[in-house]
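[1] After the sequence you'll find the predicted model.
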Amino acid sequence: MKRVYTHGNRAIAEAALVAGLKFYAGYPITPTSDIMEYLAEKLPEYGGVMMQFEDELASINAIVGASWAGAKAMTATSGPGFSLMAEGLGLAVITETPIVIAYVMRAGPSTGVPTKSTQADIYQARFVSHGDYIIPVLAPWSVQEAFDLTIKAFNIAEYLRTPVILLSDATLAHLWESAVFRDRGEVEIIDRKKPKVPPEKYKPYEPEEDGIAPMAVFGEGYKVLVESLTHDERGFYIQDTMVQRRMVQRIVGKIIKNIDRVFEYETHYMDNARHAIVSYGTSARSSLAVVRDLREKGIDIGMVRLKTIWPIDEGSLRKTLSGVEKIFVVENNMGKLVWDIQRIMHDKEVIPVSIIDLDLPSPNEILEVINEWL
């Protein structure tokens with residue numbers, strides 16, 4: 001364990017090394033490139049390989065292949081690059097391949113402002129590929145959490161055999177602050193489940209009682225079929241409604257069944273709150289300052305900060321917010337998460353505090369909106 005003073009991107013890279021990263025594939029893109037640059041220097045020291053590919057399409061397909069060769073694998077990108085990864089991400093979903101994507105949001109659409117921030121991409125992170133699936137999306141708000149949630153992202157990916165997205169932004173990427181980096185023996189590290197049956201009885205997509213199929217990889221003596229078409233538990237393409245139904249229900253069901261492992265949030269001043277702010281990522285930093293300011297003025301307001309923005313444990317969130325009258329959803333976009341909160345808390349007054357800022361919404365901007373309602 002060591003205390004360091006560093007920035008969010010380096011925290012992601014350091015945590016990936018602790019989690020057991022062995023293959024990184026990427027293409028330079030602002031504001032994410034220093035993750036790749038740092039790993040180019042450090043990953044070989046940990047027995048891993050960093051490769052710069054010709055584009056983001058090649059990068060995501062490379063980490064899918066590396067994962068099926070037995071390596072913990074990762075890439076990092078921003079909005080334009082993630083758009084190019086859509087098809088490869090779908091391949092990882094249907095083949096139930098554990099990979100991690102560090103997605104550092106920047107202002108858009110299109111090229112936008114490469115060096116500035118946003119939270120406008122949360123729906124792209126959740127739904128960029130086609131078809132039915134759930135990809136866990138984690139959203140850190142600090143350098144410390146960039147480290148902690150990166151390790152969690154790898155653990156979820158390996159345990160559930162799924163892609164996982166760590167959703168940062170340009171503000172956090174280059175925000176410097178103190179953090180504690182723990183070594184591998186000081187944190188929980190999860191590795192993928194391996195088959196216990198002999199090769200002749202192994203089916204690469206046949207789940208056990210927990211809904212998760214053990215994963216053999218190439219070179220271990222098992223027959224492994226990595227099929228992008230609809231496939232049965234053996235990996236064979238079959239054009240059949242029941243096969244499609246079982247496959248999709250398995251891909252989605254294993255995430256929902258383990259939502260306690262995936263979903264995480266924290267509360268501030270919620271014990272006697274009559275009103276609440278819901279926020280995530282760097283916008284929650286300003287939101288907490290607003291809560292403290294209003295508390296000093298005698299207003300009973302608290303905050304719920306989502307560390308996991310997809311999937312949301314709706315029951316837990318409803319219970320936490322059940323006693324409040326008004327809910328303010330603060331985010332740096334035109335209003336994205338607020339739609340989920342309005343749906344989940346349909347019997348409450350849910351008010352969007354949607355502020356577009358190239359850095360992050362300031363406490364004064366948030367207060368201006370909230371004061372109109374209070």
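    Cool, got the structure. Please read these numbers as outputs of a predicted model, since none were measured by experiment. Numbering: from 1, shown residues only.
[2] What is the neighbour count of Asp121?
    24 (other CB atoms under 10 Å). No exception for glycine: its C-beta is placed from N, CA and C like everyone else's.
[3] check contacts around it.
    Asp121 sits next to Gly79, Phe82, Tyr103, Met105, Gly108, Leu167 when contact means CB atoms under 8 Å, 6 or more residues apart in numbering.
[4] Quick check: the fifth one touching Ser117?
    So the one you mean is Gly108. No - the criterion here is CB atoms under 8 Å, and Gly108 misses it with Ser117 at 10.9 Å.
[5] Compare the two and say which is more crowded by neighbours.
    Shown here are Gly108 and Ser117; by other CB under 10 Å, Ser117 has more neighbours (27 against 18).
[6] quick one: the helices in the stretch 201-350 of the chain?
    For the stretch 201-350 of the chain, the helices defined by DSSP state H, counting those that start in this stretch occupy 241-257, 259-262, 283-296, 314-321, 337-344.
[7] The second one - contacts with which helices or strands?
    Read that as helix 259-262. helix 143-160 (3 or more CB pairs under 8 Å, 6 or more residues apart in numbering; DSSP states H and E).
[8] The helix it packs on - what's its average pLDDT?
    Averaging pLDDT along helix 143-160 yields 98.
[9] So what are the sheet partners of the helix or strand following it and their directions?
    Using DSSP states H and E, the helix or strand that follows helix 143-160 towards the C-terminus is strand 163-169. Paired neighbours of strand 163-169 in the sheet (DSSP bridges): strand 99-105 (parallel), strand 137-138 (parallel).
[10] What is the subsequent helix or strand relative to strand 163-169?
    Sequence-wise, the next helix or strand downstream of strand 163-169 (DSSP H and E) is helix 170-173.
[11] Can you give the domain ranges for this structure?
    Structural domains assigned to the chain are 2-186, 264-373, following automatic domain parsing.
[12] So which of those is the most surrounded?
    Each of the domains of the chain was scored by mean neighbour count; the highest is domain 2-186, a mean of 21, by mean count of other CB atoms under 10 Å.
[13] Could you tell me the end-to-end distance of it?
    In domain 2-186, first residue to last residue: 11 Å (CA to CA, to the nearest Å).
[14] One more: stretch 155-165?
    End-to-end distance for stretch 155-165: 12 Å, by CA to CA.
[15] Show me how far that stretch is from its chain's centre.
    Counting by CA atoms, centre = their mean, to the nearest Å, stretch 155-165 is centred 10 Å from the centre of its parent chain.
[16] dump the residue contacts of the closest residue to Asp132 other than its chain neighbours.
    Distances taken as CB to CB, 6 or more residues apart in numbering put Val248 closest to Asp132, at 4.7 Å, once the chain neighbours are dropped. Applying CB under 8 Å, 6+ apart to Val248 gives the contacts Gly131, Asp132, Tyr133.
[17] Identify the residues contacting the last one.
    With contacts defined as CB under 8 Å, 6+ apart, the neighbours of Tyr133 are Gly90, Val93, Ile94, Val248, Ile251, Val252.
[18] List phi and psi for Ala25.
    phi -130, psi 130 (degrees, to the nearest 10).
[19] Identify the residues contacting it.
    Met50, Met51, Gln52, Phe53, Ala58, Ser59, Ile60, Ala62, Ile63, Ala66, Ala73, Thr75.
[20] Isn't the third one up against Met36?
    Read that as Gln52. Yes - the criterion here is CB under 8 Å, and Gln52 meets it with Met36 at 6.9 Å.
[21] Which residues are in contact with each of these two?
    With CB under 8 Å, 6+ apart, Gln52 and Met36 have common neighbours Gly26, Pro28.
[22] picking that back up, with distance to Glu220 added, can I get the domains of the chain in a markdown table?
    Listed next are the domains of the chain as a markdown table, based on distance: least, CB to CB, whole Å:
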| stretch | distance to Glu220 |
| --- | --- |
| domain 2-186 | 8 |
| domain 264-373 | 32 |
